[in-house]
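A.B. asks: here are the coordinates; sequence isn't available:
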């Protein structure tokens, strides 16, 4: 059994009809429930719930403080390769795009690591494009082993791997996995991923479970808002997180809320997630998933990130560069995977978090080996 079987339950569900039927009374009942169910989640994601944002925000803040205190964990991304064999139509690294390609040498990776270490952040997210034939497991494993000497907590966002490969990476110090399904609608998924290994919907959907089975401490998932109907995608993403949280209690589950930003492919999204609806989704997730971490990256602008911090956010990226080798001065002109919107450095982010009455956490985990 996997989440594929859970997903089948919703293949013929009429989301538009249900969302259109939700009343203000339905939303009020769902907001106050101690343990909201899936229909309560649908109610809180419906257009009718937008009139109850203040109530949802207050309850979301209360639950976040109850389960996480006032802590906000900071992490920083490191791109080590932008080679990619996938044809994702929305991504700057897509094989369809004629951009300069680069794969860092191990010497260059260590140079990046030493620059990042000066920020004080101990949580590193290591990313590559998905090109197993060019920058595959034999390349990334030594790279991660090198980085584990500098950072006590390393997560990866790379091509989906086998559970056995994840176990090998766990043994050398990797403790987290980020993998986005991007879009849960199968038909849209096929259009967005016309070529490469990523076109295998099932292989990608089952990836978070392989990471959990391998024993990673953290598994982070998400939908890329802009590809499919935002309310339907939010529902399926939340149900996916609930499934993982219930099935793998020893794994910390987290959810990200990325929205389409400008990329090299100049992709124009068919679906827009407005700020107000973003806030609604964020608070609905917290009410439905009180134990799950909620992450917002530098895709979002500084003012928006600052304002949503008290509403349930527990993880934030800081000082991000989305190009390969982006922390070294010589690589400032590299092609980014997407444009970032919050360009503040780490000290500025730390200062903002403290001013808002929260505690920035630069290190909260270290694997004893």
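C.D. replies: Everything's here; your move. A quick note: this is a predicted structure, and the numbers were derived from the prediction, not measured.
A.B. asks: Please spell out which residues along the longest strand along the chain are buried.
C.D. replies: Looking across the chain with DSSP state E, the single longest strand is strand 71-81. By 16 or more other CB atoms under 10 Å, the buried positions in strand 71-81 come out as 72-81. Heads up, the C-betas are built off the backbone N, CA and C, glycines and all.
A.B. asks: helices or strands up against it?
C.D. replies: Helices and strands touching strand 71-81, by 3 or more CB pairs under 8 Å, 6 or more residues apart in numbering; DSSP states H and E, are helix 106-117, strand 123-128, helix 137-147, strand 315-317, helix 346-355, strand 359-361.
A.B. asks: Just put the buried residues of strand 71-81 in TSV and tack on distance to residue 34 and pLDDT.
C.D. replies: Listed next are the buried residues of strand 71-81 as TSV, based on distance: CB to CB, whole Å; pLDDT from 0 to 100:
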residue	distance to residue 34	pLDDT
72	25	97
73	26	97
74	31	97
75	31	96
76	37	96
77	36	96
78	41	97
79	42	95
80	44	97
81	46	96
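A.B. asks: With distance to residue 292 as added columns, please give these in a markdown table.
C.D. replies: A markdown table is the format used below for the buried residues of strand 71-81 (distance: CB to CB, whole Å):
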| residue | distance to residue 292 |
| --- | --- |
| 72 | 15 |
| 73 | 13 |
| 74 | 18 |
| 75 | 16 |
| 76 | 22 |
| 77 | 21 |
| 78 | 25 |
| 79 | 26 |
| 80 | 28 |
| 81 | 30 |
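A.B. asks: Can you give the distance of the lowest-mean-pLDDT helix or strand in the chain from its chain's centre?
C.D. replies: Counting by mean pLDDT, DSSP states H and E, the chain has its least confident helix or strand at helix 3-7, which shows a mean of 93. Distance of helix 3-7 from the chain centroid (CA atoms, centre = their mean, to the nearest Å) equals 20 Å.
A.B. asks: per-residue pLDDT, the residue most central in space within the chain?
C.D. replies: The centre of the chain sits closest to residue 256, judged by CA atoms, centre = their mean, with a distance of 3.4 Å. Predicted confidence (pLDDT) at residue 256: the value is 98.
A.B. asks: Also residue 335?
C.D. replies: Residue 335 is given a pLDDT of 65.
A.B. asks: cool, and residue 340?
C.D. replies: At residue 340, pLDDT is 81.
A.B. asks: Who's the closest spatial neighbour of it, skipping the chain neighbours?
C.D. replies: Spatial nearest neighbour of residue 340, excluding adjacent residues (CB to CB, 6 or more residues apart in numbering): residue 298 at 4.2 Å.
A.B. asks: Looks to me like that neighbour is in a strand.
C.D. replies: No - counting by DSSP: H, G, I helix; E, B strand; the rest coil, residue 298 is not found in a strand; it is coil.
A.B. asks: Would you enumerate the residues in contact with it?
C.D. replies: 305, 317-318, 320, 340-343 (CB atoms under 8 Å, 6 or more residues apart in numbering).
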